[in-house]
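Quick one, structure for this:
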Amino acid sequence: MTIQRRVLLQAGAGLLTGAALLPYGLHQARAAAPFRNDVPPAWYRFRFGEYEATIISDGRLPLGKPEPAFPASPPIEIVSLLRDNFLPPDAATLEQNALVLNTGRQLILFDTGMGESMGADSRMFGPTTGRLLANMRASGIQPEQIDLVVLSHAHSDHCWALVDANGKKNFPNAQVAVSEADLRYWTDDGNKRGPAFMTTFIDGAKKNLSAYRDRMVMVRDGGEVAPGITAISAPGHTVGHTCYSITSAGQTMVYTGDLAHHHVLLLQRPLWEFSFDTDPKQSAQTRSRMLDRLANDKHLVLSYHFPWPGLGHVVRSGSAYEWAAEPMDLTG
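This is a model prediction of the structure:
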């Protein structure tokens, strides 16, 4: 036996002996791997009729304790509904699911998320929002490619990414579609009254919308915003809040914006009022009427604030409704 072979055999025997001394299932290697503490890009792409749809997350929007968001609702009932649906009773969290629709002729973005246009105020709901542009780029879509931005309404988490912190357009080649009622209301300093957030919301809307004044498209109930995309007036959350029906190759999907913010609380209790509604009672009536329509039509629904990616169906449950999430197709 050569010296080299003898050394190798002895080394092997030593390894076996050492391994035998360790309890079963333990290993000697204990390389410490630090936690990443980062979030992967969030986007989901699927075919819809002849179109290609990409849902892009602007990040989670935490409301915190839910009771202030539903001030006229019994706190004990809020807690019970959340617990019964395996949700934390002391921390309501909303998603932000924007849609990019590729029609083959246009790239159309529905709502923009919080963005960075208003500095510290852009983080009024915490540091987890404002991710739409980064996630859009990660999905392979550049902001410069967007032809049309369609707004459900002019609240901060839906239009504040139209421009950056310096007021420069994030979508330099896009037109912006919004209801005339919302455009007028949210750019009027005379409406800086009532809840404390109104001043900030109006200042933010003015900064973001005014940059596109020369390329505005006024949305009208029942009118086409683009081929296959029809506006559905759904006032109450804001004066001009609008849902959109998207139809292609015999399929229909309804983008509901902020028709209902929470997939449990406002579907199982559709007449509950929400604190950020301009007219809470009108909003509740609109929500009840639209949920009834969605349940009857059985159309696919894309909700801006429902659990990621916000796709599903509204299902009737007695005198109320439930949310049936659409399974995600990850096969490509």
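
for this protein, what are the low-confidence residue spans?
1-31, 332 (pLDDT under 70).

Go again with 80.
1-31, 38-40, 331-332 (pLDDT under 80).

Name the nearest residue to the residue nearest the centre of the chain, ignoring sequence neighbours.
Centroid-nearest residue in the chain: Q96, 1.6 Å away (criterion: CA atoms, centre = their mean). Setting aside the residues directly before and after it, Q96 is nearest to D58 in space (CB to CB, 6 or more residues apart in numbering), at 3.8 Å. For every residue, glycine as well, the C-beta is placed using N, CA and C.

my guess is the one you found contacts L132, does it?
Yes: with contact defined as CB atoms under 8 Å, D58 reaches L132; the gap is 4.2 Å.

Settle it for me: which of the two has more neighbours?
D58 (29 against 26; other CB atoms under 10 Å).

State the phi and psi torsions of that one.
Backbone torsions of D58, given as degrees, to the nearest 10, read phi -100, psi 10.

sorry, back to before: any common contacting residues for D58 and L132?
With contacts taken as CB atoms under 8 Å, 6 or more residues apart in numbering, D58 and L132 have 96, 98, 112-113, 161 as neighbours in common.

and those, which of them are in strands?
Counting by DSSP state E, the shared contacts of D58 and L132 place A98 in strands.

Look up the closest residue to R83, ignoring the ones flanking it.
R83's closest residue in space is P89 (CB to CB, 6+ apart), at 5.4 Å.

ok, that neighbour - contacts?
66, 78-79, 82-83.

buried residues in stretch 308-317?
Neighbour counts over stretch 308-317 (16 or more other CB atoms under 10 Å) mark 309-314 as buried.

Contacts made by it with the rest, please.
Counting by CB under 8 Å, 6+ apart, 42, 44, 55, 57, 95, 97, 267-268, 291, 294-295, 298-304, 306, 321-326, 328 sit against stretch 308-317.

Among the residues you listed, which lie within strands?
Those of the contacts of stretch 308-317 lying in strands (DSSP E): 44, 55, 57, 97, 300-303, 321-325.

Out of those residues, the closest to G167 would be?
Minimum distance to G167 across these is 24.9 Å, recorded for S57 (CB to CB).

ok, the closest one - how many residues close by?
Based on other CB under 10 Å, the number of other residues close to S57 is 25.

gap between the spatially closest residue to it that is not a sequence neighbour and F125?
Nearest non-adjacent residue to S57, counting by CB to CB, 6+ apart: A42, 3.6 Å away. For A42, the distance to F125 equals 17 Å [CB to CB, to the nearest Å].

ditto for S57
Taken as CB to CB, the span from S57 to F125 is 14 Å.

Same check on V178?
22 Å.

Who has more neighbours out of these two?
V178 (26 against 20).

dump the residue contacts of the residue lying closest to the more buried one once chain neighbours are set aside.
Distances taken as CB to CB, 6+ apart put L151 closest to V178, at 4.4 Å, once the chain neighbours are dropped. Counting by CB under 8 Å, 6+ apart, L151 touches 110-112, 158-159, 176-178, 182, 242.

please redo it, this time with the cut-off set to 6 Å
158-159, 178 (CB atoms under 6 Å, 6 or more residues apart in numbering).

now W272
Contacts of W272 were listed using CB under 6 Å, 6+ apart, and they are 70, 73.

That one: which element?
Under DSSP states H and E, no helix or strand contains W272.

Likewise for S245?
Here S245 is assigned to strand 242-248, by DSSP H and E.

Looking only at the helix or strand following that strand, what residues are buried by neighbour count?
Moving toward the C-terminus from strand 242-248, the next helix or strand (DSSP H and E) is strand 251-257. Buried residues in strand 251-257, counting neighbours by 16+ other CB under 10 Å, are found at 252-257.

Would you format those residues as TSV with distance to W186 included?
Below are the buried residues of strand 251-257 laid out as TSV (distance: CB to CB, whole Å):
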residue	distance to W186
T252	29
M253	27
V254	23
Y255	20
T256	20
G257	14
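
Tell me the one of those nearest S117?
G257 (19.6 Å).

what sits against the closest residue to G310 other than its chain neighbours?
With sequence-adjacent residues excluded and distances taken as CB to CB, 6+ apart, G310 is closest to N97, at 3.5 Å. For N97, the contacting residues are 55, 304, 309-310, by CB under 6 Å, 6+ apart.

what about the helices in the stretch 1-150 of the chain?
Ranges of helices in the stretch 1-150 of the chain, per DSSP state H, counting those that start in this stretch, are 3-21, 75-84, 132-138.

in what helix or strand does H262 lie?
Applying DSSP H and E, one finds H262 in no helix or strand.

Any idea how far apart the tips of stretch 249-263 sit?
Terminal residues of stretch 249-263 lie 28 Å apart, using CA to CA, to the nearest Å.

ok, and what's touching that stretch?
Here stretch 249-263 has contacts from 49-50, 94, 110, 152, 234, 237, 243-246, 266, 274, 287, 290, 299-306, 323, using CB under 6 Å, 6+ apart.

hmm, which of those residues are the buried ones?
49, 94, 110, 152, 234, 237, 243-246, 266, 274, 287, 290, 299-306, 323.

how near is M136 to G257?
19 Å.
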